[in-house]
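any chance you could fold what I've pasted below:
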Amino acid sequence: MDGLVAGLYEIVPALQKVAAALTILALVVLGIGVITGGAEGRSKFKEVMKNIVIGCALVFGASSLGNMLMEWFS
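Numbers count the residues shown, from 1 in each chain. The predicted model follows:
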């Protein structure tokens, strides 16, 4: 069990960094799309941005919850 916990402690921070980088990249691309997309493009991109923000909150919330649970059981 200790090996699993140690492995998760190494993997989770790496995945958080990758998720943060992908989120920033996606928001930048969508921001450019909002600027250049006109009124029709804005409404479409705003809906996609909401989904990205919700997904990001779920990823970081799940990893924080996982870290908390690992600390309880180790």
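
tally of neighbours for Glu71?
Counted by other C-beta atoms under 10 Å, the residues lying close to Glu71 total 10. No exception for glycine: its C-beta is placed from N, CA and C like everyone else's.

what are the buried residues along the one helix or strand Ala21 maps to?
Assigned by DSSP states H and E, Ala21 belongs to helix 2-36. By 16 or more other C-beta atoms under 10 Å, the buried positions in helix 2-36 come out as Leu8, Val12, Thr23, Ala26, Leu30, Val34.

pLDDT at the last one, what is it?
With respect to pLDDT, Val34 has a value of 83.

got a list of what it touches?
Gly41, Arg42, Phe45, Lys46, Met49 (C-beta atoms under 8 Å, 6 or more residues apart in numbering).

buried subset of the residues you listed?
Phe45, Met49.

from the contacts of Val34, pick the one nearest Gly3.
Met49 (39.7 Å; C-beta to C-beta).

helix or strand for that closest one, just tell me which one.
With DSSP H and E as criterion, Met49 is part of helix 38-73.

my read: Val12 touches Gly66, true?
Yes. Between Val12 and Gly66 there is a contact under C-beta atoms under 8 Å: 6.3 Å.
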